[in-house]
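>>> return a 3D structure for these sequence lines:
(4 chains)
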Number of protein chains: 2
Amino acid sequence: MASSIHDLARHLNISIGTVSRALNGRADVNAETRQRVLEAARKLNYSPNQSGRSLRQGATRSIAFMLQPHPGDQQYGEPFFIPFLIGLQARLAEHDLDLMVVMGEPGQYQQERLRRVVETRRADAVVLANTRREDDRIDYLSKAGFPFATLGRSQSGGDTYPSLDIDFERAGDEAVDRLVARGHRRIAAIRPSLDLNFGYLFLDGYRKALKRHGIEVDPGLIADGFINEAGGYQVTPRVMLSKDRPTAIIFNNDAMALGGCKALAEMGIRPGHDIAVIVIVDTPLCRYFSPALTAFRPSLEPMGRRLAEMLLASLPAHAGPEGTRIMREIWPLELIARESD
Amino acid sequence: MASSIHDLARHLNISIGTVSRALNGRADVNAETRQRVLEAARKLNYSPNQSGRSLRQGATRSIAFMLQPHPGDQQYGEPFFIPFLIGLQARLAEHDLDLMVVMGEPGQYQQERLRRVVETRRADAVVLANTRREDDRIDYLSKAGFPFATLGRSQSGGDTYPSLDIDFERAGDEAVDRLVARGHRRIAAIRPSLDLNFGYLFLDGYRKALKRHGIEVDPGLIADGFINEAGGYQVTPRVMLSKDRPTAIIFNNDAMALGGCKALAEMGIRPGHDIAVIVIVDTPLCRYFSPALTAFRPSLEPMGRRLAEMLLASLPAHAGPEGTRIMREIWPLELIARESD
DNA sequence: CGTTTTTCCGTAAACGTTTACGAGAACACA
DNA sequence: TGTGTTCTCGTAAACGTTTACGGAAAAACG
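Residues are numbered from 1 along each chain as shown, chains lettered A, B, ... in the order given. Alright, predicted model coming up:
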């Protein structure tokens, strides 16, 4: 069915070695024979078998993206990751690399699936998302010497891998800034309860800005919840029952914000009127919610592209002249002012 | 670094053939030696190299999912496909199959990328989405004899491949039914302008129901637009300017519905009060929009699982006792009544 | 014309598996 | 004891590439 390099060789009465060299653009092949090989390849509709190539070269030309859902998250952080994936895939495709997507049951740690990818050598590198503060996937990969990059920072693994993250700290800071400028002094912060690193970063920025404005941090205004709608719904009242009610809430996650607004509505509190609401990572849901939620938006597609570049630069095969470089980038968010604050 | 089957053989002083047979559970190997092999494999942390395996067996153990975005669609039909992908991936993983996701620039036909996957034998089968009425991807794959399955029906390719689709016809029918029962007689239909098959199916159901209720089909109440928010925004006024204004609109796509509602709002027409709105395929956006949009919802994750099963059953390697079976399933939608109708 | 360099190509090994084939040993049976 | 059967394993080929090596022919050079 499919023609192999042997078919080409036989057809041209030439050795397979020469055919391979001609196809791969090596110098030591006559210009005319190269022409003949290329033509024959076109005529016989030849394309190299990837398995053969992978085996010989020890590289699969595919990158694995691990989507580890948070426990309780049925949607895999859905709207957030897609644009990132699009950018990632686009840049990888330019280098003729394929993208493998590895998911898992929500809540189940994916060490097993990760090991499988690494040990059976199904991919040349891995991209991790949803990084934890302490992330055993990162530990595993660095120990195994397997190339990887992460979307999000972590405290694990040291500075040995490329990573790219959103500036959550700055966003938390700016959100407070904006609210203070509008007269708020009692500002609540609601973030995910898991070990997710961005929750800590957000809170750092939140605290820093409060201090700068001379506002004391009230632990009663900070709450952690499950990183989904139910979590926001459940935890928001706790903050509203604080003895000195907040006049503003910053949500560190869109789903939690939606749940929180539902809780507020049931308490007769209208976001945008009775209370200001800002959410740290914007998704389409924020835009269509009523009232439309003011939110900080990352440039996810460019970020995907960029992380692909960083990963490629760190791969031995693609490394630039300066060899393996570790990069670490933190991207700003853009405030999208809407109706909720 | 990684141990191969040769390492195991050397370590056990045994031939690689025996090792392989032991690992693969063949009958012609002594129980005791099998034990020794398995133990050594665990101790040396052996897992088979997938490239070697693929080459020898002529199967990559991975399935490609082609996400062909509509022209003008920046989001890849985003919220719609993720749950489907989750289901698909879950079932494939149970069979130790990997999922490769192939995207492309919006608007660009993906024949090239598809050819590459097929010709370089990077996957054992392909799953297609966004099927057109006449779909050259389907033509290509059937002609090439490459296994595939589709999410969505098409007129191409005959009955030679497993496919699974939503019952758009029924949904269009039921939507009309519901509206008529609530007193509407002037019901508009807005659907995508592309050759997408579901647009035709939806309209069939719409027409059928109107006829059943003795309502004449008014071409002025049917409009096609770009399958995104801008398309809905642009085309909805056209239908509202019909000389006898509709009192209800059925949108065949969530993004178009959102754009349409924006246009309605600018005309001072309030969905849920001044006009009834129903959208055929529900996404999270419909739920959070204000007013919350009544919509028909598919069971995407189970559908993903099911299509995986159907595809597997059609593969030579996994085919059941009855051999290759072609299946064709059409799944119902569930009406989620909200505030917009 | 002899020697050296360059150009071009064929040979064969290697990547890590799986598997068809056959052979030796053990066993059963008459 | 001779013959046939069953167990178990080793040998080697095969999958489709890429590439190190060497050699023949052609070209360059004196």
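
>>> so what are the domain limits for chain A?
Here the domain assignment for chain A is A:5-48, A:62-165+A:300-331, A:168-297, based on automatic domain parsing.

>>> Throw the ones you listed into JSON lines and include mean pLDDT, thanks.
Compiled in JSON lines, the domains of chain A are given as follows (pLDDT from 0 to 100):
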{"stretch": "domain A:5-48", "mean pLDDT": "96"}
{"stretch": "domain A:62-165+A:300-331", "mean pLDDT": "86"}
{"stretch": "domain A:168-297", "mean pLDDT": "95"}
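
>>> any chance of a markdown table for these, columns distance to DNA strand D and mean neighbour count?
C-beta coordinates here come from the backbone N, C-alpha and C atoms, glycine included. Shown next, in a markdown table, are those (distance: least, Cβ to the nearest atom of the strand, whole Å; neighbours: other Cβ atoms under 10 Å in any protein chain shown):
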| stretch | distance to DNA strand D | mean neighbour count |
| --- | --- | --- |
| domain A:5-48 | 3 | 14 |
| domain A:62-165+A:300-331 | 10 | 19 |
| domain A:168-297 | 39 | 21 |
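
>>> nearest to B:Arg325, out of these?
B:Arg325 lies closest to domain A:62-165+A:300-331 among the domains of chain A, at 27.6 Å (Cβ to Cβ).

>>> dead centre of chain A: give me the residue that sits there.
A:Leu151 (3.9 Å; Cα atoms, centre = their mean).

>>> quick check: that residue touching A:Val127?
Yes - taking contacts as Cβ atoms under 8 Å, A:Leu151 lies within contact range of A:Val127: 6.9 Å.

>>> now the strands for the stretch 151-300 of chain A?
Under the criterion DSSP state E, counting those that start in this stretch, the stretch 151-300 of chain A contains strands at A:163-166, A:187-192, A:222-225, A:248-251, A:276-279, A:294-297.

>>> hey, where'd the helices end up in the stretch 51-200 of chain A?
Remark: helices assigned in the stretch 51-200 of chain A by DSSP state H, counting those that start in this stretch are A:78-94, A:111-119, A:136-144, A:168-181, A:197-212.

>>> spit out the contact partners of the residue in the stretch 201-341 of chain A that chain B sits nearest to.
In the stretch 201-341 of chain A, the residue that lies nearest chain B is A:Ser290 (2.8 Å; Cβ to the nearest Cβ). Applying Cβ atoms under 8 Å, 6 or more residues apart in numbering or on different chains, we find A:Ser290 in contact with B:288-290.

>>> related to what we said a few turns ago, for the nearest residue to the residue nearest to the centre of chain A once chain neighbours are set aside, what are phi and psi?
Nearest residue to A:Leu151, sequence neighbours excluded (Cβ to Cβ, 6 or more residues apart in numbering or on different chains): A:Ala129, at 4.5 Å. Main-chain dihedrals, A:Ala129, degrees, to the nearest 10: phi -130, psi 180.

>>> is it correct that A:Ala129 is in contact with A:Ala64?
No - in this structure, A:Ala129 is not within contact of A:Ala64 by Cβ under 8 Å, at 11.5 Å.

>>> which neighbours do A:Leu151 and A:Val127 have in common?
By Cβ under 8 Å, 6+ apart, A:Leu151 and A:Val127 have these common neighbours: A:Leu307.

>>> ok, A:Pro246 - contacts?
Contacts of A:Pro246 by Cβ under 8 Å, 6+ apart are A:186-188, A:221, A:239-240, A:275.

>>> for A:Ser62, same thing?
A:Ser62 touches A:97-100, A:122-124, B:100, B:122, counting by Cβ under 8 Å, 6+ apart.

>>> so how far is B:Ala64 from it?
In this view, A:Ser62 and B:Ala64 are 11 Å apart by Cβ to Cβ, to the nearest Å.

>>> what sits in contact with each of these two?
Joint contacts of A:Ser62 and B:Ala64 (Cβ under 8 Å, 6+ apart) are B:100, B:122.

>>> ok, now how distant is A:Gly52 from B:Ser54?
From A:Gly52 to B:Ser54 the distance is 9 Å (Cβ to Cβ).

>>> likewise A:Val277?
For A:Val277 relative to B:Ser54 (Cβ to Cβ), the value is 52 Å.

>>> coming back round to it: columns distance to chain B on top of the helices of the stretch 51-200 of chain A, output as JSON lines?
Shown next, in JSON lines, are these (distance: least, Cβ to the nearest Cβ, whole Å):
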{"stretch": "helix A:78-94", "distance to chain B": "5"}
{"stretch": "helix A:111-119", "distance to chain B": "4"}
{"stretch": "helix A:136-144", "distance to chain B": "9"}
{"stretch": "helix A:168-181", "distance to chain B": "21"}
{"stretch": "helix A:197-212", "distance to chain B": "21"}
